[in-house]
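> Pasting a predicted model and its sequence here:
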Amino acid sequence: MLVLDLGVFNRRAHSITFREALGWSGMWMGLASAFAVLVYFWHGRAASLEFATGYLIELSLSIDNLFVFLVIFRYFRVPNKLQHRVLFWGILGALITRGAFILAGVSLIQRFHWLVYLFGVLLVYSGIKLMRQGDEEIDPEKNPLLKLFRKWIPVTDDYVGEKFWVRRPGLYATPLVVVLLVVETTDILFAVDSIPAVLAITLNAFIVYTSNVFAILGLRSMYFAVAGMMDLFEYLHYGLSIVLILIGAKMLASHYYTVPTVIALGAVAGVLVISVLASVIFPKKTKA
């Protein structure tokens with residue numbers, strides 16, 4: 001699907017319209033739903049519910065990424081027609097790094113069960129931090145890898161079409177490489193929160209990774225679908241913070257009580273629906 005996406009449907013760089021992005025978002029969600037049905041007949045009801053819960057958690061936490069991507073693209077003034085290309089390669093890199101994280105996380109928890117409590121504390125702390133950050137601005141220039149990159153690699157003053165690298169006469173990186181680097185490192189930081197959250201639901205590496213894959217694949221099209229409606233979801237970050245705290249508490253209490261997957265799925269979905277409804281019913285007041 002990724003090959004068809006970039007090699008056929010979006011072979012030429014262009015601005016993604018709202019209607020087009022909505023269609024692709026629906027397609028990815030449809031594929032995820034079809035895969036959940038496949039898992040049901042392949043691995044049973046429990047595995048299917050674990051996939052659905054992991055997918056919903058990962059997708060909801062990925063929505064927070066969209067706000068950051070929007071800031072990054074605006075900061076570096078990335079043309080609309082090039083944003084799709086950056087997100088494509090960023091997501092491709094995320095599939096590789098998250099796969100490594102998941103395998104490492106599952107292996108470590110199976111060997112050292114006490115890490116479950118460490119991950120639980122991390123999720124609760126992340127949830128509280130997210131709830132308190134509010135409208136804190138994000139400065140891409142503070143990214144340490146970006147500073148190191150610019151110190152060692154020459155960068156062109158402006159974008160050179162769709163190219164990431166050019167020769168003039170030596171090898172120069174274009175701003176697209178810089179943007180991709182910031183997107184990739186930002187996703188790694190988000191993975192520190194999202195992957196432990198899914199590991200709280202199941203330690204089945206196959207379920208954890210596929211739920212991550214489907215959520216990440218739909219993230220690119222979802223970005224273009226909601227980029228113009230970011231200000232509508234004023235209370236979404238509160239809902240996401242509560243999700244992190246609830247999943248962290250589930251991990252901390254795992255030794256004493258196992259929360260059924262159905263209840264975890266319902267709680268996550270309920271919190272997200274309430275936060276979105278609150279954002280619509282009580283919109284943010286614009287300053288005069």
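Yep, that arrived. Numbering: from 1, shown residues only.
> Would you map the strands across the stretch 101-250 of the chain?
For the stretch 101-250 of the chain, the strands defined by DSSP state E, counting those that start in this stretch occupy 165-167, 171-173.
> Could you look over the ones you listed and pick the most buried one?
Scoring these by mean neighbour count under mean count of other C-beta atoms under 10 Å gives strand 171-173 as the most buried, with a mean of 15. For the C-beta atoms, the positions are set from N, CA and C on the backbone; glycine is no exception.
> Which residues does that strand contact?
Identification of contacts with strand 171-173 by C-beta atoms under 8 Å, 6 or more residues apart in numbering yields 149, 153-156, 164-166.
> Number of residues surrounding the residue lying closest to residue 259 once chain neighbours are set aside?
Leaving aside its chain neighbours, residue 259 sits nearest to residue 250 (5.0 Å; criterion: C-beta to C-beta, 6 or more residues apart in numbering). Residues lying near residue 250 (other C-beta atoms under 10 Å) number 21.
> Check the gap between residue 153 and residue 172 for me.
8 Å (C-beta to C-beta, to the nearest Å).
> Next up, the contacts around the residue nearest the centre of the chain.
The centroid of the chain falls nearest to residue 62 when counting by C-alpha atoms, centre = their mean (2.9 Å). By C-beta under 8 Å, 6+ apart, the contact list for residue 62 reads 190, 194, 215-216, 219, 222.
> any weak-confidence spans in the protein?
2, 5-16, 63-65, 67, 130, 133-143, 193, 226-233, 284-288 (pLDDT under 70).
> how close does the residue of it positioned farthest from its centre get to residue 156?
Distance from the C-alpha centroid of the chain peaks at residue 169, with 37.8 Å (C-alpha atoms, centre = their mean). Using C-beta to C-beta, residue 169 is found at 13 Å from residue 156.
> Also residue 101?
For residue 101, the distance to residue 156 - C-beta to C-beta - is 33 Å.
> Compare neighbour counts for the two and give me the winner.
In terms of neighbours (other C-beta under 10 Å), residue 101 is the more surrounded of residue 101 and residue 156; the figures are 20 against 17.
> Thought residue 194 was touching that one, still the case?
No. In this structure residue 101 lies outside contact range of residue 194 using C-beta atoms under 8 Å: 9.6 Å.
> Where do the helices of the protein begin and end?
Taking DSSP state H as the criterion, the chain contains helices spanning 2-4, 18-43, 45-75, 80-111, 115-133, 144-152, 175-199, 205-226, 236-252, 261-281.
> dump the residue contacts of residue 239.
Residue 239 neighbours (C-beta under 8 Å, 6+ apart): 60, 271-272, 274-276.
> go on, residue 89?
residue 180.
> Tell me how many other residues crowd residue 80.
13.
> how close does it get to residue 110?
45 Å.
> And stretch 25-40, how far out from the chain middle?
Relative to its chain's centre, stretch 25-40 lies at 18 Å (C-alpha atoms, centre = their mean, to the nearest Å).
> Identify the residues contacting that stretch?
1, 47-48, 51-52, 55, 207, 210, 214-215, 217-218, 221-222, 225.
> Show me the two of those residues that sit farthest apart.
Of all pairs drawn from the contacts of stretch 25-40, the widest gap by C-beta to C-beta lies between 47 and 225 and measures 29.4 Å.
> Looking at those two, which one has more neighbours?
residue 225 (22 against 18).
> residues in contact with that one?
Contacts of residue 225 (C-beta under 8 Å, 6+ apart): 18, 21-22, 25.
> ok, and the closest non-adjacent residue to it?
residue 21 (4.0 Å).
> my read: that neighbour touches residue 219, true?
No. In this structure, residue 21 is not within contact of residue 219 by C-beta under 8 Å, at 11.3 Å.
> Who has more neighbours out of those two?
Neighbour tally, residue 21 and residue 219, criterion other C-beta under 10 Å: the higher count belongs to residue 219, 23 against 20.
> Count residues in the vicinity of residue 91, would you?
20.
> which ones are touching it?
The contact partners of residue 91, by C-beta under 8 Å, 6+ apart, come to 2, 216-217, 219-220.
> Distance check, it against residue 238.
Applying C-beta to C-beta to residue 91 and residue 238 gives a distance of 27 Å.
> Same question for residue 62.
Distance from residue 62 to residue 238, by C-beta to C-beta: 17 Å.
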